[in-house]
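# structure for this input, please:
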Amino acid sequence: MSKEIKDHQEIGPAGKHRFWQAHIETWKQSGINQSAYCRGKSLSLRSFGYWKKKFFRKPPLTFVPVTIKRFLPPAYQPGTSLRLLTYSGYGIEIGDGFNPETLRKLLETLAGGI
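Predicted structure coming up:
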């Protein structure tokens with residue numbers, strides 16, 4: 001067993017963590033494959049793989065509670081022949097005797113983001 005491996009085994013869990021983290025960072029910057037790096041440093045390829053997975057493990061997924069509210073459009077009003085609901089939450093009720101020019105201006109205004 002090489003002195004390098006023996007040394008990291010004698011320094012405890014925190015030392016192992018630092019030891020392997022340093023090697024993995026050095027390997028990432030080296031541009032050589034894992035096998036060649038481990039051979040050159042007398043490291044166990046299996047241990048190297050274990051620690052590499054440990055350092056690059058994705059954080060666990062968490063769920064965030066979400067409250068869903070149901071949208072209920074206003075009740076139908078007698079004398080209303082048409083109801084227009086927009087994605088932005090506006091609602092327009094158009095009666096039987098509406099003025100087309102007023103409706104056109106209103107729709108242009110809503111389309112403009114106002």
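# what is the helix ranked longest in the chain packed up against?
Looking across the chain with DSSP state H, the single longest helix is helix 12-30. On a contact count with 3 or more Cβ pairs under 8 Å, 6 or more residues apart in numbering; DSSP states H and E, helix 12-30 meets helix 3-9, helix 34-41, helix 45-55. C-betas here are computed from N, CA, C, even on glycine.
# make sure residue 92 is indeed in a strand.
Yes: residue state for residue 92 (DSSP: H, G, I helix; E, B strand; the rest coil) corresponds to a strand.
# for it, which residues make a bridge with it?
residue 84 (DSSP bridges).
# quick one: it and residue 98 touch, right?
No: using Cβ atoms under 8 Å, residue 92 makes no contact with residue 98, being 9.7 Å away.
# can you list the domains in the protein?
3-55, 68-114 (automatic domain parsing).
# nearest approach to residue 62 belongs to which of those domains?
domain 68-114 (18.9 Å; Cβ to Cβ).
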